[in-house]
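J.: For reference, the sequence and a predicted model appear below.
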Number of protein chains: 2
Amino acid sequence: MGESSNHAQAQAQAHAQAQAHAPPALLDLTIDNITPNTVRINSQSADARLTYLMARLVTHLHDFARETRLSTGEWMAAIGFLIGCGQICSDVRNEFILLSDVLGLSLLVDNINHPKPPGGTEGSVLGPFHTHDAPVLPNGASMTSDPAGEPMLAVCTVKDTRGRPIAGVTIDIWETDSSGHYDVQHADRDAPSERCVMVSDEHGRFWFRGLKPVSYPIPHDGPVGRLLQLLNRHCWRPAHVHFMFGKDGWDRLVTALYLRGDPYETSDAVFGVKKSLVIDLDKVDKETAKEYGVEEGIWLLKHDFVLTTQEETEKLRDQLATEALQNLGLNLKLVDHLPVPDLD
Amino acid sequence: MGESSNHAQAQAQAHAQAQAHAPPALLDLTIDNITPNTVRINSQSADARLTYLMARLVTHLHDFARETRLSTGEWMAAIGFLIGCGQICSDVRNEFILLSDVLGLSLLVDNINHPKPPGGTEGSVLGPFHTHDAPVLPNGASMTSDPAGEPMLAVCTVKDTRGRPIAGVTIDIWETDSSGHYDVQHADRDAPSERCVMVSDEHGRFWFRGLKPVSYPIPHDGPVGRLLQLLNRHCWRPAHVHFMFGKDGWDRLVTALYLRGDPYETSDAVFGVKKSLVIDLDKVDKETAKEYGVEEGIWLLKHDFVLTTQEETEKLRDQLATEALQNLGLNLKLVDHLPVPDLD
């Protein structure tokens, strides 16, 4: 081909590209053409990831309405539900995380983002009650101010998948008081309680005094509680203690330990329980009591947590993402570990 | 088969049914099994429609997360976005309707619920600015208190598809003032303005004084405005007047009339424009001025609206729903005009 032919071809291509990127004429939109038009008008940013997220969001939202022939009344009820969720939120209450939890989305997102190679401690849901004001406590300290609870000594380690201790890991720990409420659920809260931040020592150890956890209902005085009631679902979580591990170079681990035999062990309202996270408590014997300076006979939680490196987690996540997207038949590539359409 | 065999079979069937309806054991949920388990735990109410809505919602929500490999940061950003939408809502602001509008959902839901037989006036988006405190005004009254706007006389009729006038129709009418703001957007609003309710007379007529509508940006100082900015989308709506028609036995018509030639005629931020709703304004001539007691030369909007009966709309909606669901390959039946799974 000559130069002018190349030029004409390039021009035609540029024109086609401009057409493809030009916003559509948004007129006479119908049940059948609203989706591609909305996707196109949402595809004008330079952010390929945002474009992809919006395209899938709009497609699923519209498909949902089409498959259900969503009524105006149902649509308005959903609008009212979302407003209610937003308006009950505060610095210490997050109804949308709760909604995500009871719909199984939180667990799914955690599983997608934090796959575990063999031996790594499994993750669980973050829940809406983690705060950023917990005190950093030294090993052996008590994180509870509740005299009514059953005292528990927790003696834990944090190691890598080859069993080597990891020092200097920051561990956020939080649980309810003996009444089944987190501190932030008490209107008169003036300081954090039943929560702390610890740092693992050179042997990867951390230990603290807390309470034997109790099962409790998630907040059910708001829209999410009413939804569960409509669905004939209970709102209980089995007894557990939350742990979150962070250290540069290591994949952040959000998890929890659950007590075996809890009546809600297999029906957690937020889907968080994994068999590997269900534990038995023991009782502190004489020797342990002396070693840790606690009363003999109180509850004892012993657990060894295993972190995985950020690098191995990212590699595994990329590999699982690639496989999953191939299985879904989607023509995508990973950019910064996140899928975007592969237009090459 | 003998009686005991029948009995055993019935027992086995009952057992299988109980198993199918029993809540699943929610343990070790993964990317692959979280969806069916969530759907099952949500399927315990007696409300088949609610069960179906939740099943489709959860499936789409989870598929969205799986297809995008939604990151924890993106999930948290979405949670924050939803909280922001909820918290900016007030008695006079509905950010979730606005969100539904800019995502094309509002238009889609209107189209699904209010299909029009030939000749019926097409619907448009309700938008977030309809209120319930507009005064009922007699024919000929002015609904505006804005001295800065260009005065407009609107002379309309409401008829059936065979051209017969419909008396006693309640018509909600609302538009912005000359600055492009609805009354509720002014912090110092003490009474409704640029909005009224009229009732059609025995000839199906209604007429009022308003303002020539102007194009205006949807509220863009909140989360939805920031989303549009991220998406490189403008936030403008072409000039229009909203109308909502209601009368027992007639399908509620939510619509609007748009001015031809508006710079945003084909790029309405909320997808509301339909060719049949784009109109030309005229000027009031001497005779009309005298007839309606207005100044000669002001703007004149003339339009004939056509309502369809509730019965014919429901029939058409059922028919379109049945066809659509068959095309989607879904095994559904309509109960109270809404699809639920057909388990028979």
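T.: Structure's in. What do you need? Here the structure is a predicted model, which means the values were calculated and not measured. Numbers count the residues shown, from 1 in each chain, chains lettered A, B, ... in the order given.

J.: And the residue of chain A closest to chain B?
T.: Closest to chain B within chain A is A:Gly86: 0.8 Å, counting by Cβ to the nearest Cβ. Quick note: C-beta positions are derived from backbone N, CA and C, even for glycine.

J.: My reading is that that residue is in a helix; is that accurate?
T.: Yes - with DSSP: H, G, I helix; E, B strand; the rest coil as the criterion, A:Gly86 is part of a helix.

J.: What is the burial count for the nearest residue to A:Ala324 once chain neighbours are set aside?
T.: Computed as Cβ to Cβ, 6 or more residues apart in numbering or on different chains, the closest residue to A:Ala324 that is not its neighbour in sequence is B:Arg66, at 6.6 Å. Applying other Cβ atoms under 10 Å in any protein chain shown, we find 22 other residues in the vicinity of B:Arg66.

J.: tell me what the host helix or strand of B:Arg66 is packed against?
T.: B:Arg66 belongs to helix B:48-68 when assigned by DSSP states H and E. Secondary-structure packing of helix B:48-68 (3 or more Cβ pairs under 8 Å, 6 or more residues apart in numbering or on different chains; DSSP states H and E): helix A:48-68, helix A:105-113, strand A:338-341, helix B:34-41, strand B:332-335, strand B:338-341.

J.: what mean pLDDT does the longest one have?
T.: Same thing as helix A:48-68. For helix A:48-68, mean pLDDT is 97.

J.: Quick one: distance of that helix to the chain centre.
T.: Relative to its chain's centre, helix A:48-68 lies at 22 Å (Cα atoms, centre = their mean, to the nearest Å).

J.: Please save the CA atoms from it in CSV.
T.: Extracted in CSV, the C-alpha atoms of helix A:48-68 (Å, rounded to 0.1, in the frame of the first residue of the first chain):
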residue,chain,number,x,y,z
ALA,A,48,-9.7,2.0,32.7
ARG,A,49,-10.3,0.4,36.1
LEU,A,50,-13.1,2.9,37.0
THR,A,51,-14.6,2.4,33.5
TYR,A,52,-14.7,-1.3,34.0
LEU,A,53,-16.1,-1.2,37.5
MET,A,54,-18.9,1.2,36.3
ALA,A,55,-19.7,-0.9,33.2
ARG,A,56,-20.1,-4.1,35.3
LEU,A,57,-22.0,-2.2,38.0
VAL,A,58,-24.5,-0.6,35.6
THR,A,59,-24.9,-3.9,33.7
HIS,A,60,-25.7,-5.9,36.9
LEU,A,61,-28.0,-3.1,38.2
HIS,A,62,-30.0,-3.0,35.0
ASP,A,63,-30.1,-6.7,34.6
PHE,A,64,-31.4,-7.0,38.1
ALA,A,65,-34.2,-4.6,37.3
ARG,A,66,-35.0,-6.3,34.0
GLU,A,67,-35.0,-9.9,35.5
THR,A,68,-37.2,-8.9,38.4
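
J.: so which of the helices and strands packed on helix B:48-68 comes closest to B:Asp304?
T.: helix A:48-68 (30.8 Å; Cβ to Cβ).

J.: Name the nearest residue to A:Glu202, ignoring sequence neighbours.
T.: A:Ala167 (4.7 Å).

J.: can you pull up the bridge partners for A:Val136?
T.: Beta-bridge pairing for A:Val136 (DSSP bridges): A:Val197.

J.: if I pick it, what's in contact with it?
T.: Counting by Cβ atoms under 8 Å, 6 or more residues apart in numbering or on different chains, A:Val136 touches A:196-199.

J.: Let's have these in CSV, adding pLDDT, neighbour count and distance to B:Gln319.
T.: Formatted as CSV, the contacts of A:Val136 follow (pLDDT from 0 to 100; neighbours: other Cβ atoms under 10 Å in any protein chain shown; distance: Cβ to Cβ, whole Å):
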residue, pLDDT, neighbour count, distance to B:Gln319
A:Cys196, 98, 23, 63
A:Val197, 98, 19, 62
A:Met198, 98, 26, 65
A:Val199, 98, 15, 67
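
J.: ok, so of those, who is nearest B:Gly73?
T.: A:Val197 (21.5 Å).

J.: quick one: low-confidence ranges for the stretch 101-250 of chain A?
T.: For the stretch 101-250 of chain A, no stretch is flagged by pLDDT under 70.

J.: ranges for the strands of it?
T.: A:151-159, A:170-174, A:195-199, A:205-211, A:216-217, A:236-237, A:240-246 (DSSP state E, counting those that start in this stretch).

J.: okay if I get the ones you listed as JSON lines plus distance to B:Thr313?
T.: Formatted as JSON lines, those follow (distance: least, Cβ to Cβ, whole Å):
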{"stretch": "strand A:151-159", "distance to B:Thr313": "64"}
{"stretch": "strand A:170-174", "distance to B:Thr313": "54"}
{"stretch": "strand A:195-199", "distance to B:Thr313": "56"}
{"stretch": "strand A:205-211", "distance to B:Thr313": "60"}
{"stretch": "strand A:216-217", "distance to B:Thr313": "44"}
{"stretch": "strand A:236-237", "distance to B:Thr313": "45"}
{"stretch": "strand A:240-246", "distance to B:Thr313": "52"}
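
J.: which one of those lies closest to B:Lys159?
T.: Going by Cβ to Cβ, the one of the strands of the stretch 101-250 of chain A nearest B:Lys159 is strand A:216-217, 56.6 Å.

J.: Which residues does that closest one contact?
T.: Under the criterion Cβ under 8 Å, 6+ apart, residues A:176, A:180-181, A:234-237, A:239, A:269 lie in contact with strand A:216-217.

J.: What residues does the stretch 201-344 of chain A have near chain B?
T.: Along the stretch 201-344 of chain A, the residues adjacent to chain B under the rule Cβ under 8 Å from any Cβ of the partner chain are A:230-233, A:265-268, A:271, A:273-275, A:317, A:321, A:324-325, A:328, A:330, A:337-339.

J.: B:Ser106 is nearest to which of the helices and strands packed on helix B:48-68?
T.: Nearest to B:Ser106, of those and by Cβ to Cβ, is helix A:48-68 at 10.0 Å.
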